[in-house]
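Novice: sequence and predicted structure, then a few things I'm wondering about:
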Amino acid sequence: MRTIRIEASTGYDVVIGEGLRAGSGERIAALGGNARTAMIVSDDTVYGLYGGPVRESIERAGLVARSFVFEHGERNKNLAAYGKLLEAMAEERMTRDDLVVALGGGVTGDLAGFAAATYRRGIRFVQIPTTLLAAVDSSVGGKTGVDLPNGKNQAGCFWQPSLVLIDPETLRTLPDGEYRAGCAEVIKYGMIGSEELFRAVSETPVRERFAPVIDACVRMKRDLVEADEFDRGERMKLNFGHTFGHAAEFLSGYRLPHGFAVAAGMAAVTRAAVPYGYCGEETLEALLECLERYGLPAAIPYGADAMREAVLSDKKASGGAVRLVVPERIGSVRIVTAGTEELPAWLARGGVGTKDLSHLPDCKGV
Ligand SMILES: NC(=O)c1ccc[n+]([C@@H]2O[C@H](COP(=O)([O-])OP(=O)(O)OC[C@H]3O[C@@H](n4cnc5c(N)ncnc54)[C@H](O)[C@@H]3O)[C@@H](O)[C@H]2O)c1
C-alpha cells in the first residue's frame, strides 16, 4: 500500500493498493464529519463491474449508499447529466455533510466532482479512479467540470477531493484502447518531468508495473498542484499535448478518446518544436518511438483551418495568445506564448493538414 499526501487548499491522501476497492467504505467512513449518505456516481460499464462491491463496502461501513449511473462516454460529460445528478442528490435530501463517490474514469470524476463542488455550495467527494488515465491524472488535483457544445471542460471549477483510492486491479478489465489512452498520459509525465519514467515505460509496458508507474505520476502531479493549484503557471505543464489534442478531440465529436488526442497533440507540438529550435530531432524521435510502441497516434487527421478554429475556441487560448507547452528534451518542457497570428505556422510545422504524415497512424482509425 502506498499513500501520497497532497497539500492543496484541502489536504488529502491518495492511496494506491491492490484490492483497495473492497475496503473503500471503511476508508470513506473514516473521513468522519457526520456523513450519512454516499452517492456513488458511475457510468453503466464501470457500475456493472465494480458498483456492487463498492456499494456493499460503503453500507458495511454504516453509510447509506445511493447510486447515479449514466451512459458511458465523453458525450455524456455534459450539462444534462450534471443537472440530473444534482437533482438526484437533492431528491435523496443529501446534506452538506454527505459525500459523493466518483467510481470510474475521468468522465465520471469530472462530472461527479463538479456536482459535488456546486451542490449546496460544495460537499466532499471521493475519487475511485478505474482507468489508467484517471489514476495517473484526472483523479488528483481538483479540476472538475463538464463540456459545453462549443468545447471541452468549458464549465467547471477547482474542487479538491477528500480522498483518492486507486486499486490497480481494476485496471485489468480496461479495454486495450483505454489502457493505451492512459499510457499516453503516462508518457506525457515522462516528457514533462522525468526522463527516468519515460525510459522505464519505453522499455517495460506500463501494465507490468501499474503501481510504481501510478505512484511516480501522482507524485509529479502532487508537486505541480502544490506549487500552482489554480493552474496559472507550473501546473500548465500538464497540458503538454492538450492544446492541439483538445482541438482534435472536439473536431472528432468526442469519438476520439482523450488519451489518443493527447498523443497526437504531443507529437504535433514536438514536431513543431524542432524547427523552432526548442528541442532536438532526437527528442521527437524518442517520443514517436514510444508512441508507436503503445500503438498511439502520431498525426492529427484534421485540416489546419478547422484545427486553428478549434484551438482558438478552447479555453487555453486567451487575450489574443495561445499557450503551448513545448519540449526542450525528454523530461523537460517550457511554456511558450504564441500570438494567435503565429498559430497557423505552429500547426503547419506540427504537420497538421500535411499529406507527408499520412503514413503515420492517426486518430481516425481508433
Ligand atoms: N480533471 C482533470 O484533471 C483531467 C485530467 C485529464 C483528463 N480529464 C478528463 O478525463 C476524461 C477522460 O477520462 P477517461 O479516459 O478515464 O474516460 P472515461 O471516464 O470515459 O473512461 C473510458 C471508458 O472506459 C470505461 N471504463 C472505465 N474503467 C473501466 C474498467 N476498469 N474496466 C473496463 N472499462 C472501464 C468507461 O466505461 C469508459 O467507456 C476526459 O473528459 C478528460 O477531459 C480530466
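Specialist: Nice, I can see it. Numbering: from 1, shown residues only.

Novice: wait, what's in contact with A115?
Specialist: Taking C-beta atoms under 8 Å, 6 or more residues apart in numbering as the contact definition, A115 lies against 41, 82, 85-86, 89, 100. Every C-beta, even on glycine, is put in place using the N, C-alpha and C of the backbone.

Novice: between these, which sits nearest P301?
Specialist: Nearest to P301, judged by C-beta to C-beta, of the contacts of A115 is Y82 at 30.4 Å.

Novice: I'd guessed that closest one sits against G145; true?
Specialist: No. Contact between Y82 and G145 fails when scored by C-beta atoms under 8 Å: they sit 9.0 Å apart.

Novice: next, show the common contact partners of those two.
Specialist: 114, 155.

Novice: what's the nearest residue to the residue of the chain most remote from its centre if we skip its chain neighbours?
Specialist: What lies farthest from the middle of the chain is G62; by C-alpha atoms, centre = their mean that is 31.6 Å. Counting by C-beta to C-beta, 6 or more residues apart in numbering, G62 lies nearest to A29, which is 6.0 Å off, once chain neighbours are set aside.

Novice: can you give me the neighbour number for the one you found?
Specialist: 17 (other C-beta atoms under 10 Å).

Novice: that one reaches R60, doesn't it?
Specialist: No. Between A29 and R60 no contact is recorded; they are 9.1 Å apart, counting by C-beta under 8 Å.

Novice: about what we covered before: can you pull the phi/psi pair for the residue farthest from the centre of the chain?
Specialist: phi 100, psi 10 (degrees, to the nearest 10).

Novice: how about the one 10 residues further on?
Specialist: Dihedral angles phi and psi of H72 (degrees, to the nearest 10) take the values phi -60, psi 160.

Novice: where does it land on pLDDT?
Specialist: On the pLDDT scale, H72 is placed at 96.

Novice: once you drop chain neighbours, what's closest to it?
Specialist: With sequence-adjacent residues excluded and distances taken as C-beta to C-beta, 6+ apart, H72 is closest to D43, at 3.7 Å.

Novice: wait, the one you found touches R75, no?
Specialist: No. D43 is not in contact with R75 according to C-beta under 8 Å; the separation is 11.3 Å.

Novice: which of those two has more neighbours?
Specialist: Ranked by neighbour count (other C-beta under 10 Å), D43 and R75 place D43 first, with 23 against 13.

Novice: and the helix or strand that contains C290, how far out from the chain middle?
Specialist: When secondary structure is defined by DSSP states H and E, C290 falls within helix 281-293. Relative to the centre of its chain, helix 281-293 is centred 22 Å away, using C-alpha atoms, centre = their mean, to the nearest Å.

Novice: again, but for stretch 345-354
Specialist: Averaged over its C-alpha atoms, stretch 345-354 has a centre that lies 25 Å from its chain's centre (C-alpha atoms, centre = their mean).

Novice: offset the numbering so it begins at 32, please.
Specialist: Renumbered: residue one is now 32, and that last one reads stretch 376-385.

Novice: need the contact list for the closest residue to A335 other than its chain neighbours.
Specialist: Setting aside the residues directly before and after it, A335 is nearest to G384 in space (C-beta to C-beta, 6+ apart), at 3.7 Å. Under the criterion of C-beta under 8 Å, 6+ apart, the contact list for G384 reads 333-336, 338, 378.

Novice: could you export the residues you listed as CSV, including distance to E239, neighbour count and secondary structure?
Specialist: Written out in CSV, the entries for these read as follows (distance: C-beta to C-beta, whole Å; neighbours: other C-beta atoms under 10 Å; DSSP: H, G, I helix; E, B strand; the rest coil):
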residue, distance to E239, neighbour count, secondary structure
Y333, 34, 23, coil
G334, 39, 13, coil
A335, 39, 17, helix
D336, 43, 12, helix
M338, 36, 24, helix
L378, 37, 25, helix
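
Novice: so F275 touches V300, yeah?
Specialist: Yes. When contacts are counted by C-beta under 8 Å, F275 is listed as touching V300 (6.0 Å).

Novice: which helices and strands does the host helix or strand of A304 pack with?
Specialist: Secondary structure from DSSP H and E places A304 in helix 289-307. Under the contact definition 3 or more C-beta pairs under 8 Å, 6 or more residues apart in numbering; DSSP states H and E, helix 289-307 sits against helix 207-224, helix 273-282, helix 312-324, strand 352-360, helix 374-380.

Novice: adding distance to V237 and mean pLDDT, write the ones you listed out as JSON lines.
Specialist: Conversion of the helices and strands packed on helix 289-307 to JSON lines gives the following (distance: least, C-beta to C-beta, whole Å; pLDDT from 0 to 100):
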{"stretch": "helix 207-224", "distance to V237": "5", "mean pLDDT": "97"}
{"stretch": "helix 273-282", "distance to V237": "19", "mean pLDDT": "93"}
{"stretch": "helix 312-324", "distance to V237": "10", "mean pLDDT": "97"}
{"stretch": "strand 352-360", "distance to V237": "20", "mean pLDDT": "95"}
{"stretch": "helix 374-380", "distance to V237": "30", "mean pLDDT": "96"}
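
Novice: go through the ones you listed and name the closest to the ligand.
Specialist: In terms of C-beta to the nearest ligand atom, the element of the helices and strands packed on helix 289-307 nearest to the ligand is helix 207-224, at 4.4 Å.

Novice: angle of that closest one against helix 312-324?
Specialist: With axes from the mean of the first three to the mean of the last three C-alpha atoms, to 10 degrees as the criterion, the two stretches helix 207-224 and helix 312-324 enclose an angle of 160 degrees.

Novice: pull out the buried residues from helix 207-224.
Specialist: 209-224 (16 or more other C-beta atoms under 10 Å).

Novice: for that helix, name the packing helices and strands.
Specialist: The criterion is 3+ C-beta pairs under 8 Å, 6+ apart, and the helices and strands that helix 207-224 contacts are helix 163-164, helix 226-234, helix 241-258, helix 289-307, helix 312-324, strand 363-370.
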